[in-house]
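Next input, structure requested:
(2 chains)
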Number of protein chains: 2
Amino acid sequence: MSGNDQVSAAVLVIGDEILSGRTKDKNIGYIADYLMQIGVDLREVRIVPDVEAEIVEAVNALRKRYTYVFTTGGIGPTHDDITADSIAKAFGVGISEHPRAIELLLTRIKPEDLNEARRRMARIPHGAELVENRVSTAPGFMIGNVVVMAGVPSIMQAMLDNVTSRLKTGVKMLMETVQADSTPEGAYAADLGKIAEKYPDASIGSYPSFASGKFQNQIVVRSKNPDTLEKALADVRALIERLTAERAAAKR
Amino acid sequence: MSGNDQVSAAVLVIGDEILSGRTKDKNIGYIADYLMQIGVDLREVRIVPDVEAEIVEAVNALRKRYTYVFTTGGIGPTHDDITADSIAKAFGVGISEHPRAIELLLTRIKPEDLNEARRRMARIPHGAELVENRVSTAPGFMIGNVVVMAGVPSIMQAMLDNVTSRLKTGVKMLMETVQADSTPEGAYAADLGKIAEKYPDASIGSYPSFASGKFQNQIVVRSKNPDTLEKALADVRALIERLTAERAAAKR
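Below you'll find the predicted structure:
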């Protein structure tokens, strides 16, 4: 596997409103899908409150461990928006108004309305590059391997589109799903485990869902190697077909 | 503040399917709401893959830090269900079949169908107490301050109901929302910051949402002290009313 195959990432969601249950996060699932599409492996997610020490600790733990860290939330103009300052602290750099960020704000805000609170949105840690967005114009930024984005989904999505061309991306993970339907997990678990052992460069997961008193199971086969994917998939399909036939025969 | 006021928690979501974007998590928001209702402060969430070392590390980091840790996912019968073994490892205890767990499985599974894979669902770390559920009958468990639950939402929810009576709960957080509507965050940010400073035992957040090219802002005031909540809320309402009147006057 070349180095390029292994581009990893973590997401750090910053916000009391998610932890209190007031706001239901919509960004994690979106970013997970997005990273999968561009061949970046999302390996960890953390949600922390609007507390500087906790943001600093999480950013520093994650940025050492993964190729990229994507943060969402806390870059607006109010007192609880402390992400930019916390990131500067995590990197041990200064922070001040970025001229281009002021310019961007002025495309939407009248000069006489650009008060101190709004100017806070132009405070960017030294050494960071802006991540622009057309939706709100207030920019996010990228510093080292950390991408700092807004929490409002439409703005976060525009920032993710903006930054993607700057990221190194890996080999895309391929994924296929086998419907196991009502074949119980307990009936195929042992054989599925053997298939998983047979293909170490595939990842095979079994995912039950439960509705109207019945399980509906799906088996997902993932691999970056198309050949492995095809072979493992064929084995899984054969297993489920065999069990389905056996169950049908038993009912006769 | 008495010790009882400070009951904290973390949620640990275990599962490759969430990180790959295949499954959109529905448990974090539910648990966040639930804990708020019973006076437990959710302070942190982590999502990790089905990798033993990462589960062990996260469980051990979180259980030292918070009153409770709630995990979801990875307790089924397939090879990727490694949560119970990982938790045993994190606590440094053995793991084996729990007679009551076998009994519970047999209420749903015929004795001749109780194969090795299904028996895995009865493997419980030594020293743990079962957390039963009527939906699937396969139990979760509680060991020390860690509550281990299923990933399927309906089953997780039944387990949460089952375990709640065993938890110590705190003083419920009170919360009120002020609609700031289209009053821009940048217009109230400075004054809101002063209100937040005036009431250190309240937490005040400003949450923009963005639709059809316009911001719709909400200000949320939270406190465990009803008196503080009322006073801070009155200040926030007066601020927004003043700004709304000023903006209306400016338009005339």
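
rest of the way, CA atoms for contacts and neighbours
OK.

quick check: mean pLDDT across the lengthiest helix in chain A?
Taking DSSP state H as the criterion, chain A has its longest helix at helix A:226-251. Across helix A:226-251, pLDDT averages out at 94.

Outside of stretch A:159-170 itself, list whatever touches it.
With contact meaning C-alpha atoms under 8 Å, 6 or more residues apart in numbering or on different chains, stretch A:159-170 is reached by A:4-7, A:38-40, A:131-133, A:140, A:149-150.

min pLDDT across these, which one?
Within the contacts of stretch A:159-170, pLDDT is lowest for residue A:4, at 50.

Figure out how far the longest helix of chain A is from the centre of its chain.
32 Å (C-alpha atoms, centre = their mean, to the nearest Å).

Neighbours of residue A:135, how many?
Counted with other C-alpha atoms under 10 Å in any protein chain shown, residues neighbouring residue A:135 total 16.

Sort out which residues of the longest helix of chain A are buried, please.
Neighbour counts over helix A:226-251 (16 or more other C-alpha atoms under 10 Å in any protein chain shown) mark A:228-229, A:232-233, A:236-237, A:239-240, A:243-244 as buried.

so what does it touch, helix or strand wise?
strand A:174-181, helix A:185-198, strand A:202-211, strand A:214-223 (3 or more C-alpha pairs under 8 Å, 6 or more residues apart in numbering or on different chains; DSSP states H and E).

just the angle between that helix and strand A:174-181, please?
0 degrees (axes from the mean of the first three to the mean of the last three C-alpha atoms, to 10 degrees).

Helix A:226-251 versus strand A:202-211: what angle between them?
40 degrees.

Show the contacting residues for residue A:158.
Here residue A:158 is in contact with A:133-135 (criterion: C-alpha under 8 Å, 6+ apart).

Rebuild those as JSON lines, extending it with secondary structure and distance to chain B.
Below are these laid out as JSON lines (DSSP: H, G, I helix; E, B strand; the rest coil; distance: C-alpha to the nearest C-alpha, whole Å):
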{"residue": "A:133", "secondary structure": "coil", "distance to chain B": "13"}
{"residue": "A:134", "secondary structure": "coil", "distance to chain B": "11"}
{"residue": "A:135", "secondary structure": "coil", "distance to chain B": "8"}
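
distance of residue A:47 from residue B:7?
Going from residue A:47 to residue B:7 by C-alpha to C-alpha, to the nearest Å gives 18 Å.

what do you get for residue A:112?
For residue A:112, the distance to residue B:7 - C-alpha to C-alpha - is 46 Å.

if you count what's nearby, which of these two comes out ahead?
The neighbour comparison of residue A:112 against residue B:7 (other C-alpha under 10 Å) goes to residue B:7, with 21 against 7.

Once you drop chain neighbours, what's closest to the more buried one?
Once flanking residues are discounted, residue B:7 sits nearest to residue B:40: 5.1 Å by C-alpha to C-alpha, 6 or more residues apart in numbering or on different chains.

Tell me which residues touch residue A:149, please.
By C-alpha under 8 Å, 6+ apart, the contact list for residue A:149 reads A:70-73, A:75, A:131, A:140-141, A:156, A:159-160.

same thing with residue A:40?
For residue A:40, the contacting residues are A:6-9, A:169-172, by C-alpha under 8 Å, 6+ apart.

now, which of the residues you listed sits nearest residue B:14?
Closest to residue B:14 out of the contacts of residue A:40 is residue A:9 (16.6 Å), distances taken as C-alpha to C-alpha.

bridging residues for that closest one?
residue A:42, residue A:68 (DSSP bridges).

That one: neighbour count?
23.

quick one on the thing from earlier: export the contacts of residue A:158 as a markdown table, with columns for distance to residue B:91.
Below are the contacts of residue A:158 laid out as a markdown table (distance: C-alpha to C-alpha, whole Å):
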| residue | distance to residue B:91 |
| --- | --- |
| A:133 | 47 |
| A:134 | 50 |
| A:135 | 48 |
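
from the chain's centre, how far out does stretch A:58-67 sit?
Relative to its parent chain, stretch A:58-67 has a centroid offset of 14 Å by C-alpha atoms, centre = their mean.

and chain A, what are its domains?
Following automatic domain parsing, chain A resolves into domains at A:3-166, A:174-251.

Please name the nearest non-neighbouring residue to residue A:17.
Residue A:17 sits nearest to residue A:23 (C-alpha to C-alpha, 6+ apart), 5.4 Å away.

Where does the prediction get shaky in chain A?
A:1-5 (pLDDT under 70).

Tell me the spacing between residue A:139 and chain B.
According to C-alpha to the nearest C-alpha, to the nearest Å, residue A:139 and chain B sit 15 Å apart.

And residue A:158, which helix or strand is it part of?
Assigning secondary structure by DSSP states H and E places residue A:158 in helix A:153-163.

Quick check: buried residues in that helix?
A:153-160, A:162-163.

just curious, which of those is nearest to chain B?
Using C-alpha to the nearest C-alpha, residue A:154 comes nearest to chain B of those, at 7.4 Å.

I'd say that closest one and residue B:212 touch.
No. Assessed by C-alpha atoms under 8 Å, residue A:154 is found out of contact with residue B:212, at 10.6 Å.

who wins for proximity to residue B:28 among the helices and strands packed on helix A:226-251?
In terms of C-alpha to C-alpha, the element of those nearest to residue B:28 is strand A:202-211, at 16.8 Å.

Now do that closest one: which elements does it pack against?
Taking 3+ C-alpha pairs under 8 Å, 6+ apart as the contact cut, strand A:202-211 packs with helix A:185-198, strand A:214-223, helix A:226-251.

angle of that strand against strand A:214-223?
If you take the same axes, to 10 degrees, strand A:202-211 sits at 160 degrees to strand A:214-223.

List the buried residues in strand A:202-211.
A:202-208.

Tell me how many other residues surround residue A:21.
Other residues close to residue A:21 by other C-alpha under 10 Å number 20.

Checking my notes, it in a helix, right?
No. With DSSP: H, G, I helix; E, B strand; the rest coil as the criterion, residue A:21 is located in coil rather than a helix.

dump the residue contacts of it.
By C-alpha under 8 Å, 6+ apart, the neighbours of residue A:21 are B:29-33, B:36.

Of the helices and strands packed on strand A:202-211, which is nearest residue A:178?
Between these, strand A:214-223 lies closest to residue A:178; by C-alpha to C-alpha that is 5.1 Å.

Whether the closest one contacts chain B - can you check?
No. Judged by C-alpha under 8 Å from any C-alpha of the partner chain, strand A:214-223 stays clear of chain B, getting no closer than 8.8 Å.

one step back: how about the helices and strands packed on helix A:226-251 in CSV, adding distance to residue A:92?
Below are the helices and strands packed on helix A:226-251 laid out as CSV (distance: least, C-alpha to C-alpha, whole Å):
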stretch, distance to residue A:92
strand A:174-181, 39
helix A:185-198, 45
strand A:202-211, 39
strand A:214-223, 39
